[in-house]
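1. what shape does this take:
(one chain, ligands or ions: 1)
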Amino acid sequence: MLMGFDIGGTKIEVQVLSDNGEVLYKSRQPTPDNYESFINKIHEMVMGVESELGHFNAIGIGLPGAVCPITGKMKNANCTFLNGRDVVADLSAATGKAVKIANDANCFALSEAVDGAGAGGSVVFGAIVGTGCGGGIVVNQSIVTGANAISGEWGHNPLPGYCPDVDGDIGHCYCGRRNCIEQYISGTGFAAQYNHKYRADLNAKQIMALVEAGDEQAVAAYQLLIDQMARSLASVCNILDPDVIVLGGGMSNIERLYHDLPAAIRRYIFSDDPKVTLRSALYGDSSGVRGAAWLTK
Ligand SMILES: [Zn+2]
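-> Numbers count the residues shown, from 1 in each chain. Predicted coordinates:
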């Protein structure tokens, strides 16, 4: 059995998986607002699991944020009280267990690579395209973390093949750079492009409803989105050449992407007859907690 935690801004979820991925236990608690309470809460939840299922040697934790490879301390966590803390050491001391931590996008990629939409692929790129744009790389069912713990963070690469006349100038990203991939292909980015161009005030879902109805402007915006996504993913393929790309996040629910995007990606790949396998995530919101559990395998 494997125990994983997903740390969200408002809720902490724990799940226990059997070795073949069946959910044996799950529970949710509100996320505390300070570090000491957080450590105590995880300890308490571990004891709750063990009172029902017996002893565990390890726990996995998935959260938005990363353990700095140089200092071993947390950085970029959405629960800001975690930043600068040695969460692995402190949780390990409190629970008496081995603690594995990974970024939530990496947990998503691991979950999908082990027994989700990327199962069977030796190299899986998990791309979360929702309000933002993140990603994780899993090779032979192991997360590739990287020297700076930023592996897979393709959303803050500059948009490949950027052309101001075609793509427009979105301006600065919150990360301080300009024209990041995230600013174009995330749900918010797609809507911002559309609203800027057509002086509208719609969200991605509303624009996609217009696309389905055959609205000319919306279809043009969607075609540009496909081309921007294709450029962005082809540049990933040319470096990583994944067996499977798994899409998660709100934009992954656009069904026609799986028809239109693979052909568009192929056009930009450095190969005569490239194979591109693009799939929608299988586990949705549970990917984070499942990936966290698989960390302990
Ligand atoms: Zn950026």
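
2. for this structure, which residues are neighbours of the ion?
-> Along the chain, the residues adjacent to the ion under the rule C-beta under 5 Å from the ion are 156, 173, 175, 177, 180. No exception for glycine: its C-beta is placed from N, CA and C like everyone else's.

3. most neighbours of all those, which one?
-> The most neighbours of any of the residues of the chain next to the ion, using other C-beta atoms under 10 Å, belong to residue 180, which has 24 neighbours.

4. how about that residue, nearest residue that isn't a chain neighbour?
-> Spatially, and ignoring its direct neighbours in sequence, residue 180 is nearest to residue 173 (4.2 Å; C-beta to C-beta, 6 or more residues apart in numbering).

5. ok, the one you found - contacts?
-> By C-beta atoms under 8 Å, 6 or more residues apart in numbering, the contact set of residue 173 is 156, 179, 180, 182, 183.

6. residue 188 versus that one, what's the distance?
-> 11 Å (C-beta to C-beta, to the nearest Å).

7. now residue 241
-> Taking C-beta to C-beta, one finds residue 241 at 29 Å from residue 188.

8. the two: which is more packed in?
-> Higher neighbour count among residue 241 and residue 188: residue 188, with 17 against 14, using other C-beta under 10 Å.

9. distance check, that one against residue 203.
-> Applying C-beta to C-beta to residue 188 and residue 203 gives a distance of 8 Å.

10. what does residue 179 give?
-> 21 Å.

11. which parts of this protein are strands?
-> 2-7, 11-17, 23-30, 58-63, 66-67, 74-75, 98-103, 123-129, 133-139, 142-143, 244-248, 278-280 (DSSP state E).

12. just put those in a markdown table and tack on mean pLDDT and mean neighbour count.
-> Compiled in a markdown table, the strands of the chain are given as follows (pLDDT from 0 to 100; neighbours: other C-beta atoms under 10 Å):
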| stretch | mean pLDDT | mean neighbour count |
| --- | --- | --- |
| strand 2-7 | 97 | 26 |
| strand 11-17 | 97 | 21 |
| strand 23-30 | 97 | 13 |
| strand 58-63 | 96 | 26 |
| strand 66-67 | 90 | 22 |
| strand 74-75 | 92 | 18 |
| strand 98-103 | 96 | 22 |
| strand 123-129 | 97 | 27 |
| strand 133-139 | 96 | 26 |
| strand 142-143 | 96 | 18 |
| strand 244-248 | 97 | 27 |
| strand 278-280 | 97 | 19 |
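
13. and of the ones you listed, who's closest to residue 45?
-> Comparison of those against residue 45 by C-beta to C-beta identifies strand 11-17 as nearest, at 5.0 Å.

14. give me the more crowded residue out of residue 179 and residue 203.
-> Higher neighbour count among residue 179 and residue 203: residue 179, with 19 against 15, using other C-beta under 10 Å.

15. that one: what's it in contact with?
-> 158, 159, 162, 167, 169, 170, 173.

16. any chance of these in TSV, plus pLDDT and distance to residue 292?
-> Output for the contacts of residue 179, formatted as TSV (pLDDT from 0 to 100; distance: C-beta to C-beta, whole Å):
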residue	pLDDT	distance to residue 292
158	96	31
159	97	31
162	96	36
167	95	36
169	82	39
170	82	33
173	90	28
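
17. my guess is residue 79 contacts residue 10. True?
-> No. Applying C-beta atoms under 8 Å as the test, residue 79 and residue 10 come out as separate, 9.8 Å apart.

18. okay, and the common contacts of the two?
-> Joint contacts of residue 79 and residue 10 (C-beta under 8 Å, 6+ apart) are residue 31.

19. between the two, tell me which one has more neighbours.
-> For residue 79 and residue 10, the more surrounded residue by other C-beta under 10 Å is residue 79, and the numbers stand at 21 against 8.

20. and the gap between that one and residue 264?
-> For residue 79, the distance to residue 264 (C-beta to C-beta) stands at 38 Å.
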